[in-house]
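# turn this into a structure:
(chains A and B)
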Amino acid sequence: MTRAAPDDIATIAERLGFAIPEPYRAGVAEAFGRLLEQAALVMSAKIEARPDSGTDFIP
Amino acid sequence: MKPLPDAIAIADAIRQRRITASSVVGTALENIQRLDPALNAFTAVFSEQAIKSAAEIDRKIAQGVDPGPLAGVPFSVKNLYDVAGVTTVAGSKVLKDLPPADRDATLVARLKNAGAVLVGANNMDEFAYGFTTQNAHYGDTHNPHDLERSAGGSSGGSAAAVAAGIVPLSLGTDTNGSIRVPAGFCGIFGLKPTFRRLSRSGVYPFVADLDHAGPFARSVRDLALAYDLMQGPDAGDPHILERPIEPTLPGLEVAVPNIRVGVLGGWFAQSAEPVVLEAVDRVATALGANRTVELPGVAEARAAAFCITAGGGAALRLNDLRERPQALDPATRDRFFAGALLPASVVQKARALRLDFRDRLQAVFRDYDILLAPATPCPAPRLDQTTLRIGGRVVPLRPNIGIYTQPLSFAGLPIVTVPVVSHGQLPVGVQIVGAPWREDMVLRVAAMLEKSGTVHVRLPEIVAGATG
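Model (predicted):
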């Protein structure tokens, strides 16, 4: 799994207005690592940007 | 303990004056009292109001007024549905001090208008972010088939209540599998309708991009009836698409001739335990399906659903993350924090992927009426289980329970989970997947399977024991 440094995560979060309490940082880093793996898969997908890709999805 | 029959049988008996609504609702309330200490499926019981409502149904019947097709049928709802006079907690502690809802959620109101009687609210994962209904605030919900195992989530309380025969009908929600997973683990039927089909007005949101509302039942006809009664436009919910009401119950028993069924392979066949693949085989054989379908881009679709969920879910919790993270369930808190840090570009790309995946699936449905897939990679896991063996690898359990449900709901397709039961084993769910807006098709196929005995609901031993 992709590792994210808990303190780096906490620093970024703090700039965005979230103070991640110290005891939660390892858990958040682990969750962020898992999310990053999925995000990497999304970003590597070879598809074109679509103008209709808003939130108004129609099945 | 007296397990209740299905909703249609109850309503028929009440309308024909063979039993009273008061006695049926009384039985449901006794069932809760008897079984819920072991199951923890309910977080609130509305005894007083339910008894009053049942008496009102009986009064109408005595006066010759038909209370509706669900006359006197007790039902329950996941505790993220608004119930007038009750605070909607959505499995959390952070909402519990908010004022009570001033009206019922649209779907709750529609079932009540059809004569159904609400008896309680059900346990769930906090904010619906989970697949096991293990909740730090309200406790774990236990699977009626084995109390040491999970009922699934996030609508686990609803599924457990139906599986145990406490109520014949319950409402849940499904963002990534939260109806289909617990239906599978608890061995009952669950319907996730097409995205944007049913109103979400008065349903506490988790991820607006992905949330669906839908019913659980012990028979396909109950699922169809509840779904039919809940369809229709709702001025309170601009999200639902304008569609005609398309009743499914009248045509439910009509066989589907020359049905084209494909079994999803690749991603959907790689990581499941043998008992799960056997269940899919059994359903496929019953439907005469012998063609395997490989969907392209499933891993990316699942990843995209994962990211939209993380980002969208976190967006609604920003104030909680800033002001009172300690009040969140540890099982969701870390993921909400992570989601809050996800770049918007990922979510935007994930949305584009969704359209691409939808288009690919639409092409597949030109050749098939129905696709089959497992609901989960394994039967109900133990509540203390933290890992799962998938394809020879040991992976964390919770994020991987939804690997088969997540890509399909991402495309917004209508899906019924049907229960496959083998002697001495835990039930296993199979997804019957249809083209968009074809709830009629997935329900008809589910009814065919039920009629042939391929799938059925088995009464858990805990209930059989309690009836003695």
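# please name the nearest non-neighbouring residue to B:E294.
Closest residue in space to B:E294, ignoring its immediate chain neighbours: B:G266 at 4.4 Å, by C-beta to C-beta, 6 or more residues apart in numbering or on different chains. Just so you know, the C-beta spots here come from the backbone N, C-alpha and C atoms, and that holds for glycine as well.
# ditto for B:L316
B:P205 (6.5 Å).
# what about that neighbour, how many neighbours?
Neighbour count of B:P205, defined by other C-beta atoms under 10 Å in any protein chain shown: 19.
# one more: B:E439?
27.
# and it, what's its pLDDT?
pLDDT for B:E439: 98.
# cool, and the one 10 residues further on?
For B:L449, the model assigns a pLDDT of 98.
# could you measure from it over to B:A279?
11 Å (C-beta to C-beta, to the nearest Å).
# between the two, which one's more packed in?
The residue with more neighbours, out of B:L449 and B:A279, is B:A279; 29 against 23, by other C-beta under 10 Å.
# could I get the contacting residues of that one?
By C-beta atoms under 8 Å, 6 or more residues apart in numbering or on different chains, the residues touching B:A279 are B:P374, B:V420, B:S422, B:V428, B:G429, B:V430.
# could you work out the most separated pair of the residues you listed?
Farthest-apart pair in the contacts of B:A279 is B:P374 and B:S422; separation 14.5 Å (C-beta to C-beta).
# those two: which is more packed in?
A count of neighbours by other C-beta under 10 Å puts B:P374 above the other of B:P374 and B:S422, at 28 against 13.
# so that one sits right up against B:G429, yeah?
Yes. Taking contacts as C-beta atoms under 8 Å, B:P374 lies within contact range of B:G429: 7.4 Å.
# hang on, the earlier thing: since we're on the residue nearest to B:E294, how many residues are nearby?
13.
# show the pLDDT at it.
97.
# tell me the residue of chain A that sits nearest chain B?
Here chain A gets closest to chain B at one residue, A:P59, 3.2 Å apart by C-beta to the nearest C-beta.
# and that residue, how many neighbours?
18.
# contact partners for it?
Applying C-beta under 8 Å, 6+ apart, the residues near A:P59 are B:T194, B:F195, B:R196, B:R358, B:A411, B:G412, B:L413, B:P436, B:W437.
# over to B:A344?
B:G311.
# give me the number of residues near B:A304?
29.
# buried ones in the helix or strand where it lies?
Assessed by DSSP states H and E, B:A304 sits inside helix B:298-315. Within helix B:298-315, the residues scored as buried using 16 or more other C-beta atoms under 10 Å in any protein chain shown are B:298, B:300-314.
# for stretch B:328-345, same thing?
B:328-329, B:331-342.
# next, the buried residues of stretch B:224-233.
Those would be B:A224, B:L225, B:A226, B:Y227, B:D228, B:L229, B:M230, B:Q231, for stretch B:224-233 by 16+ other C-beta under 10 Å.
# contacts for that stretch, please.
By C-beta under 8 Å, 6+ apart, stretch B:224-233 touches B:7-8, B:69-70, B:107, B:110-111, B:114, B:169, B:191, B:193, B:197-199, B:213-215, B:217, B:240, B:242-243, B:245-249, B:252, B:439, B:443, B:447.
# could you check how many residues crowd around the residue nearest to B:T133 when sequence neighbours are not counted?
Nearest non-adjacent residue to B:T133, counting by C-beta to C-beta, 6+ apart: B:G156, 2.8 Å away. By other C-beta under 10 Å, 36 other residues sit near B:G156.
# tell me who's in contact with the residue nearest to the spatial centre of chain B.
Nearest to the mean C-alpha position of chain B, by C-alpha atoms, centre = their mean, lies B:I179 at 2.2 Å. Neighbour list for B:I179: B:S155, B:A159, B:G172, B:T173, B:G190, B:L191, B:K192, B:H212, B:G214, B:F216, B:T417 [criterion: C-beta under 8 Å, 6+ apart].
# B:A375 too?
B:G177, B:R180, B:V181, B:A183, B:G184, B:Y404, B:T405, B:T417, B:V428, B:G429, B:V430, B:Q431.
# out of those residues, which sit inside helices?
B:R180, B:V181, B:A183, B:G184 (DSSP state H).
# who touches the nearest residue to the last one once chain neighbours are set aside in this structure?
Spelled out, it's B:G184. What sits nearest to B:G184 in space, not counting adjacent residues and going by C-beta to C-beta, 6+ apart, is B:G429, at 2.1 Å. The contact partners of B:G429, by C-beta under 8 Å, 6+ apart, come to B:180-181, B:183-185, B:187, B:190, B:279, B:374-376, B:417-420.
# swap the cut-off to 10 Å and go again
By C-beta atoms under 10 Å, 6 or more residues apart in numbering or on different chains, B:G429 lies in contact with B:152, B:177, B:180-190, B:276, B:279-280, B:373-376, B:379-380, B:404-405, B:416-420, B:455.
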